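*Asks:* give me a model of this one.
(chains A and B)
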Amino acid sequence: MKTAEIIVTDPVGLHARPAAQFVKLANEFISDISIRNLSDSGDWVNAKSILSMLIAAVKQNDQIEIRAVGADEQDAVEKLTALVNSGFSTVQ
Amino acid sequence: MITQATVRPKDLIENYVPNRPIMTDPKPITFKGIAGAPGLVQGPLFIWREETLTLPPPYHCDNPQAAYQRIRAAVDQAKLELENIRSRILVEIGKEEAAIFDAHLMMAEDTSLHGMVKADLESGKNPEAAWYDTCENFAGLLAAIPDPTLSARAADVRDIEQRVLRHLLGLPPVKNDLSRAAVLVARDFTPSQTATIDRDKVLAFCTAEGGPTSHTAILAKALGIPAVVALGETVLDLQTGQPVLVDAFAGEVTVNPSDAQVVSFSLRKQQNDAQAGRDIQATFEPAVTRDGVRVEIAANIGNAADAESAVAHGAEGVGLFRTEFLYLNSKSLPTIDQQVQAYRQVIKILNGRPLVVRTMDIGGDKTVDYLGIKKEPNPFLGWRGIRMISEKPDLLRDQFYALLKAGLGTDLRIMVPMVSGVDEVIQARALFEEALTRIKDEIRGISGEVQFGMMVEVPSAALMVEHFAPYVDFYSIGTNDLTQYTLAVDRMNARVAALASAFAPPVLKLIERTVRVAHAHKKWVGMCGEFAGEPLALPFLLGVGLDELSMSANSIPAAKRMIRSLSLEECQKVAQQVLDLPTVTAVQDALKVWVNDNRIDEISP
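*Replies:* Model (predicted):
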């Protein structure tokens, strides 16, 4: 299991386009990937599901934790973290 | 196993197979309704069906794999449709709008959603219920999120829910496909249906329900499409394809007309078209009475296209810019930039003409998740218009700010709707001043005056005009609501809509009082209801001294023609006379007699 904690700086949070990009990338890995919004409820949700991601309601400046379990867990956490840190522009 | 006998989709749909007697009689039948938007039209009829999807009674399902395969197939079909819509929107409208359907496509494949559906199927639930319950579960969770942008996504989930359900139930995917121009007949149309319908394919709107000031009528008038409303339930039993004559002046719809009826109808239509042609030529001249008094004629608009139509019909300004569409056509709160852009577009089209903007007037007859507007049992007496100010002052503050940003330095005037007490206006004025100060701080060197006004559409406001005077620069009388509130008539209810006449003496008295008191306080008064464009009302409206009349663009040419044949002095006399009459009929009869006696040319040039 690999985890990482990051702060979402994108002005729209993980809504709309950023959420869609995040879910698309998460689906490229075979590992189980979840996130939780540490600034809110803190429940783990499936990062491969757009609906679950929207329900996590991640806003700008919220702190999230990404968790991956599986063969490509290291790669998954690194790439997803990079996507969030890039402001959803450079990766993909 | 699911057998054919267990699921018979067609039985599940209310009204799927017409079970009422179908009128196939070729004899002419005339339906009497209420004129909603004027015009004469001949064409084939099209019955606009509102289908309600009904779930089958729950049944136990022993084969979850087979059940999931059915859902899988329905999802795939739904996705195919969505992709078609997406590419069409991309070409016809734009990338931003097409992206809405990208989100839909992604949700249709959502892994959590499919996971929960499978779990439901494993527990023996039938596929229709498993799909519906799971989608509703997610929609409910989304709707509960305080962030308006996120809660609005609930509507997206429900859209997919319905689309897939339709395939699961074996229903045809395309409904109401207008292959040729037709006269549309429906129970009623929602504003978004009326606004987004393919206008080239609509010859006329005919509704079983609604009244002369229902949204269908108002929008139809703005679009220049004839409409007849309140025709009664029986019109819904007619059949698509039947030939029909629509007389939207008299409010009559004739099905299967005789040859003689068609001939006389065509003749009237020719004369009418010729008159309209002459009116439009004269419409760019001002409306000046015979005794030399000029009346300002403005248009009511709801978007940039209406603004263009207003200018093309000779409007000297806009007396009512309804801003609801900005909010109703959006799935989340429009940003300040989006608002500024929309307002600038209209200001540019008006090219210096005065523009009166009404801040948002949305109430519980619609559900707008992101504004926290829920369906209410009594929406016209509920949380609407300016009443949002105490709970959501930011909405109004942002709208003032966006309007000022777009229009400061132009002839912009802003008014607030649904005012019933002085406190509301004091509060609104404070927000307005706050926005004005902010904009002047932000943009150095910007200057200009923006008039601040209020709608008079609740009797309590009309009776208190003097007390509002210190806080407003002008008043605008909204006759549709003033009538419905004065007479306690729900204008959306077809059974009583006929009672909602602004010719009712109590309504006329409130109009007269508003103008008289406002003038005593040196404020100007406009009228922006449908009544302002009603030819028979013009002698009264001029007579009581309204400064500006704002109407549907299409009504302007005829209204200007009528004003040119009036004399203000004579109008003042007749206005005083009708104020003392007891009934709607007495008022209308007196005005008709007066128009005839004074040879006022209402119909021909």
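
*Asks:* report the contact partners of the residue of the stretch 1-150 of chain B found nearest chain A.
*Replies:* The stretch 1-150 of chain B approaches chain A most closely through B:Ser112 (3.5 Å), counting by CB to the nearest CB. C-beta here means a position set from N, CA and C on the backbone, and glycine is covered the same way. By CB atoms under 8 Å, 6 or more residues apart in numbering or on different chains, B:Ser112 lies in contact with A:Val45, A:Asn46, A:Lys48, A:Ser49, A:Leu51, A:Ser52, B:Phe138.

*Asks:* lowest average confidence, helix or strand, in the chain?
*Replies:* Picked chain A for this. None of the helices or strands of chain A scores lower by mean pLDDT, DSSP states H and E than helix A:16-26, at a mean of 88.

*Asks:* actually chain B
*Replies:* Per-SSE averages on chain B (mean pLDDT, DSSP H and E): minimum helix B:9-12, a mean of 38.

*Asks:* partner residues bridging the nearest residue to B:Met527 once chain neighbours are set aside?
*Replies:* Sequence neighbours aside, B:Ile477 is the residue nearest to B:Met527 in space, at 4.6 Å (criterion: CB to CB, 6 or more residues apart in numbering or on different chains). Beta-bridge partners recorded for B:Ile477 (DSSP bridges): B:Val456, B:Met527.

*Asks:* can you show me the strands along chain A?
*Replies:* Along chain A, counting by DSSP state E, strands occupy A:2-7, A:32-37, A:44-46, A:63-69.

*Asks:* just say which of those is most tucked in.
*Replies:* Among the strands of chain A, strand A:32-37 has the highest mean neighbour count (mean count of other CB atoms under 10 Å in any protein chain shown), at a mean of 22.

*Asks:* surely A:Glu65 and A:Val8 touch.
*Replies:* No. Contact criterion CB atoms under 8 Å: A:Glu65 and A:Val8 do not qualify, at 11.4 Å.

*Asks:* so for stretch A:11-30, what gets flagged as buried?
*Replies:* Neighbour-count burial for stretch A:11-30, with 16 or more other CB atoms under 10 Å in any protein chain shown as criterion, is recorded at A:13-16, A:18-23, A:25-27, A:29.

*Asks:* cool, and stretch B:437-456?
*Replies:* Going by neighbour count (16+ other CB under 10 Å), the buried part of stretch B:437-456 is B:Ile439, B:Val450, B:Gln451, B:Phe452, B:Gly453, B:Met454, B:Met455, B:Val456.

*Asks:* for the last one, give me the pLDDT.
*Replies:* Meaning B:Val456. Looking at B:Val456, its pLDDT reads 98.

*Asks:* need the contact list for it.
*Replies:* Neighbour list for B:Val456: B:Val419, B:Ala462, B:Val465, B:Tyr475, B:Ser476, B:Ile477, B:Gly478, B:Leu482, B:Leu510, B:Thr514 [criterion: CB under 8 Å, 6+ apart].

*Asks:* that one and A:His15: what is the separation?
*Replies:* 41 Å (CB to CB, to the nearest Å).

*Asks:* poorly predicted segments of chain A, please.
*Replies:* For chain A, the stretches flagged by pLDDT under 70 are A:89-92.

*Asks:* cool, thanks, talk later.
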